[in-house]
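# sequence plus the predicted model coming up.
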Amino acid sequence: MHPAISLPTLIAHRGYSAAAPENTLAAVRAAHRAGVRWVELDVQLLGDGTPVIWHDADVARCSDGRGRLRRMTWPQTQTLDAGRWFGKAFAGEKMASLEDMLALLDALEMSVNLELKVNRGHDPIALVDRVLPSVLDALPAERFVLSSFDQTALRHSRTFAPANTLALGVLVNRLPKDWRTLCADIDAFSLHAHWGRLKPAQAEAVVQAGYALLCYTPNDPHAFHPLWAWGAASAITDEPEAFQRYLSASFSAISR
C-alpha cells in the first residue's frame with residue numbers, strides 16, 4: 001500500500017521554470033497562478049547543513065555569484081541574486097530554503113515531487129537526515145513524492161517511514177535492466193524516466209508492474225502525445241501551460 005496520491009497529468013519542472021527562475025519561490029507562485037497544483041523541485045545541502053532548493057552543484061548558472069554549494073553557508077547564499085539572470089522582473093529573488101519552500105507549498109495547498117539531489121562530493125545520508133523529517137512534518141503523505149537518482153538516498157529514506165506513509169520514486173535516465181530490483185528494493189511508488197529515451201514496451205512494463213510512470217522533461221506536447229497511450233501518469237514539464245492548451249484542444253477535438 002502507498003499513500004492515496006492522485007497524480008496530476010502535469011507537474012511543473014523546477015516550478016514553472018519557463019515563466020520564472022527555476023527552483024525559486026517565484027517559480028512555484030507562477031505555477032500556482034497557471035493552475036498547476038504539483039511542482040517538481042530539487043533539494044540539497046549547503047556546507048553548513050542548510051537544506052536549499054537548488055539544482056546545480058554551484059551557483060554560477062542561476063545567480064550572480066560563484067561558488068560550490070558544499071562550501072557555502074546560508075548567509076552567503078542570501079547575498080546572491082537568483083532572479084536577475086532570468087529577467088529584470090525577478091531581480092532580488094533569493095535562493096529558497098527548504099523551510100520557506102515547504103511553508104509556501106502548504107500555504108498554496110500545492111503538492112511536490114521533491115528530488116533529493118546528490119551532486120558529486122555530497123553525502124546522501126546527511127541529505128536525507130536533514131530533509132526528510134521536515135517534509136514529513138510539513139506535508140501530508142498524499143501531497144508529495146520523494147525521488148532520487150541516488151539509491152543510497154532512497155534506501156535511507158525508506159528507514160524513516162513505510163510505503164503507506166512515504167511515496168518514493170526511482171529516477172533513471174535510460175531504463176536500466178535492473179529497474180525492477182531498484183524499485184522493489186525501496187518499495188517504490190513510482191519510476192521517473194527521461195521521456196525521450198523510453199520505448200513503448202518499457203513504459204508498458206513499468207505500468208504493468210504497478211509503478212506510476214512519471215516522465216521528464218518533455219516541452220513539446222505534440223511529440224509527447226504517444227506516451228499517454230503508453231501509460232505515462234504525469235509529464236514533468238517546463239511548459240505546463242503549453243501542455244494544458246494542447247490537451248484541452250485535443251479533448252475538444254475528440255468530443256466533437
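Perfect, I can see it now.

# residues making contact with stretch 128-141?
Residues from elsewhere that reach stretch 128-141 (CB atoms under 8 Å, 6 or more residues apart in numbering): 3, 5, 43, 45, 49, 51, 98-99, 102-103, 105-106, 111-112, 114, 116, 144, 146, 153, 156-157, 160-161, 164-167. Placement of C-beta: from N, CA and C, glycine included.

# pull the CA atoms of that stretch into CSV?
What follows is stretch 128-141 as a C-alpha-only set of coordinates in CSV (Å, rounded to 0.1, in the frame of the first residue of the first chain):
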residue,chain,number,x,y,z
VAL,A,128,18.1,12.6,3.9
ASP,A,129,18.6,13.1,7.6
ARG,A,130,18.2,16.9,7.3
VAL,A,131,15.4,16.9,4.7
LEU,A,132,13.0,14.1,5.3
PRO,A,133,11.9,15.0,8.9
SER,A,134,11.0,18.5,7.7
VAL,A,135,9.0,17.2,4.7
LEU,A,136,7.2,14.6,6.7
ASP,A,137,6.2,17.2,9.3
ALA,A,138,5.1,19.8,6.8
LEU,A,139,3.1,18.0,4.2
PRO,A,140,0.5,15.1,4.3
ALA,A,141,1.7,11.9,2.7
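
# are any of the contacts of stretch 128-141 buried, and if so which?
The neighbour-count test (16 or more other CB atoms under 10 Å) marks 3, 5, 43, 45, 51, 98, 102, 105, 111-112, 114, 116, 144, 146, 153, 156-157, 161, 166-167 as buried among these.

# sticking with residue 152, tell me its helix or strand.
Using DSSP states H and E, the element containing residue 152 is helix 151-158.

# for this structure, which strand is longest?
With secondary structure taken from DSSP state E, the chain has its longest strand at strand 38-45.

# now do the same contact list for residue 200.
226, 230.

# let's go with 6 Å and repeat that
Going by CB atoms under 6 Å, 6 or more residues apart in numbering, residue 200 touches residue 230.

# list the helices and strands the longest strand of the chain packs on?
strand 10-13, strand 51-53, strand 111-116 (3 or more CB pairs under 6 Å, 6 or more residues apart in numbering; DSSP states H and E).
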